[in-house]
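[1] Sequence plus the predicted model coming up.
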Amino acid sequence: MIDVIVIGGGPAGLAGAIACASFGLKVKVIDEFIKPGGRLLGQLHQEPSGEWWNGIKESERLHQEAKRLSVDICCGVSVYNLEKEEHLWNVHTSSGTLEAPFVLVATGAAEYPIPLPGWTLPGVMSIGAAQVMTNVHRVQVGKKGIIIGANILAFAILNELQLAGIKVDRVILPEKSPLSQKAGEPEAVMKSLLNAAHLAPSPLLRIGSHVMKNNRMRKIGLNFYPKNGMKVSGTPLQLRKAALEIIGKDRVEGIRAADIDANGNVIAGSETIYEADFVCIAGGLYPLAELAAVAGCPFQYIPELGGHVPHHSETMETPLDGLFVAGNITGIESGKIAMAQGTTAGLSIAKYAGKKSETIDQQLQQAIQNVRTVRRQATIQFNPKIDSGRNKMRELWGSLYFSTQR
């Protein structure tokens, strides 16, 4: 009999499986991709310390440790339903139904789409798809591309595309609309990027970013922002340029763009055509939490965490007995934090499963503290107010659930 089913073989799922298996629990990991690792498989970047973060190597390390502990990893299998029947969870998959008293949902995140005319042409992809094609499948997505959307994820993957020898001609904004929302507003974009200004390759950009954090100076800066943009890792970031349409007959041939004012409004008569053979749309990430919803887990909308997230405690349990969550399903953060959360969830499951140990409570508290430490030391925060979002969830859990458990 399986003790724990882990849905998602990314950093959170693998770390959770390892923690569970280290206490002797029989664990099965299910992932729809062809190999375990999740988003780790596409990550490759140099940190401010000078060290390289190689996601492929990290995923291999986790994979080998899980195999050493006899974790059963099944790839190429999708989960479409999750329901509780008496004391067991039924996990319905493309390969049949599985049963276990404990389930860890670690499904990660998905990308927000930003629809615009021409986005169905061959050669248009999400920025995450470009990362996977380049770093996982070793496929060159094109020779000259344009990124539509300026956010932390876009610039992280921009560097990875450049490392692979792929030219990104420019980064511009999507046209301001109800669908693009703040992604099409220069001031909102600049404000979000300032939270990662410490990563800017130029000392001038780093110094200037401190000035721009002042609201008045930021508005002045946008009004005088260079028309040709400012270079980030050699690629122009054009905050005053928006994509109106992706053009091409049978595949991407370029984009039609226009100048925009500081509020994101298109300036009439300023349209320009830029040639490109691929386009990446960067809309940002949101928690991929549908399975938790199908299971009946209550949700809360917390923008600081990236959207709707399932109710959960710091020990990663949900209000549903035997159901745990970890990783980006609980809020958009880095792979390192996802791993720390996965370990916390695994220890919590082991405790609930009755795996008595003199040190399990201490290990669990250390794991919770480690999540906080890793978060505090994180180089990149996808949502700058992540601590505020985590506090909201902590307060919600304390007010709604803790009192009922005593």
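    Structure received. Residues are numbered from 1 along each chain as shown.
[2] From T343, how far off is I368?
    Remark: distance between I368 and T343 (CB to CB, to the nearest Å) = 10 Å. To be clear about C-beta, it is placed using only N, CA and C from the backbone, and glycine gets the same treatment.
[3] Please, where are all the helices along the stretch 301-406 of the chain?
    335-352, 360-376, 386-397, 403-405 (DSSP state H, counting those that start in this stretch).
[4] Could I get the average pLDDT for the second one?
    Along helix 360-376, the predicted local confidence has a mean pLDDT of 94.
[5] what's the angle from it to helix 386-397?
    Between helix 360-376 and helix 386-397, the angle comes out at 140 degrees (axes from the mean of the first three to the mean of the last three CA atoms, to 10 degrees).
[6] Next, the residues that contact helix 360-376 from outside, please.
    23, 314-315, 333, 336-337, 340-341, 343-344, 347-348, 350-351, 357, 386-387, 390 (CB atoms under 8 Å, 6 or more residues apart in numbering).
[7] tilt between it and helix 335-352?
    Using the same axes, to 10 degrees: helix 360-376 against helix 335-352 is 160 degrees.
[8] Give me the buried entries from the contacts of helix 360-376.
    23, 314-315, 333, 336-337, 340-341, 343-344, 347-348, 350-351, 386, 390 (16 or more other CB atoms under 10 Å).
[9] Just flag the most distant two among those.
    F23 and I386 (29.8 Å; CB to CB).
[10] Tell me, how many residues neighbour R376?
    Neighbours of R376 under the rule other CB atoms under 10 Å: 8.
[11] typo on my end, it should be E51
    By the criterion of other CB under 10 Å, E51 has 8 neighbours.
[12] got it, and G76?
    Neighbour tally, G76, other CB under 10 Å: 12.
[13] pretty sure it contacts I30?
    No - with contact defined as CB atoms under 8 Å, G76 does not count as touching I30 (9.6 Å).
[14] Low-confidence ranges, the stretch 51-200 of the chain, go.
    195-200 (pLDDT under 70).
[15] redo that, cut-off 50
    Scanning the stretch 51-200 of the chain for pLDDT under 50 picks out 198-200.
[16] before we move on, the earlier item: okay if I get the helices of the stretch 301-406 of the chain as JSON lines plus distance to V252?
    Output for those, formatted as JSON lines (distance: least, CB to CB, whole Å):
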{"stretch": "helix 335-352", "distance to V252": "30"}
{"stretch": "helix 360-376", "distance to V252": "38"}
{"stretch": "helix 386-397", "distance to V252": "35"}
{"stretch": "helix 403-405", "distance to V252": "55"}
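[17] re the thing from before, out of the buried ones among the contacts of helix 360-376, which is nearest to Q181?
    When those are compared against Q181 (criterion: CB to CB), the nearest one is I386, at 19.6 Å.
[18] doesn't I302 make contact with the closest one?
    No - contact criterion CB under 8 Å: I386 and I302 do not qualify, at 9.9 Å.
[19] what is in contact with the two at once?
    Joint contacts of I386 and I302 (CB under 8 Å, 6+ apart) are G331.
[20] Which strands and helices lie in contact with the lengthiest strand in the chain?
    Criterion DSSP state E: the longest strand present in the chain is strand 235-247. Under the contact criterion of 3 or more CB pairs under 8 Å, 6 or more residues apart in numbering; DSSP states H and E, strand 235-247 touches strand 167-174, helix 186-193, strand 230-232, strand 254-259.
[21] Listing partners with orientation, what would you give for it?
    Note on strand 235-247: by DSSP bridges, its sheet partners are strand 167-174 (parallel), strand 230-232 (antiparallel), strand 254-259 (antiparallel).
[22] angle of that strand against helix 186-193?
    130 degrees.
[23] Please renumber the chain so that the first residue is 11 from this point on.
    With the count now opening at 11, the last piece we talked about shows up as strand 245-257.
[24] Could you chop the chain up by domain?
    The chain breaks down into these domains under automatic domain parsing: 14-120+296-415, 123-293.
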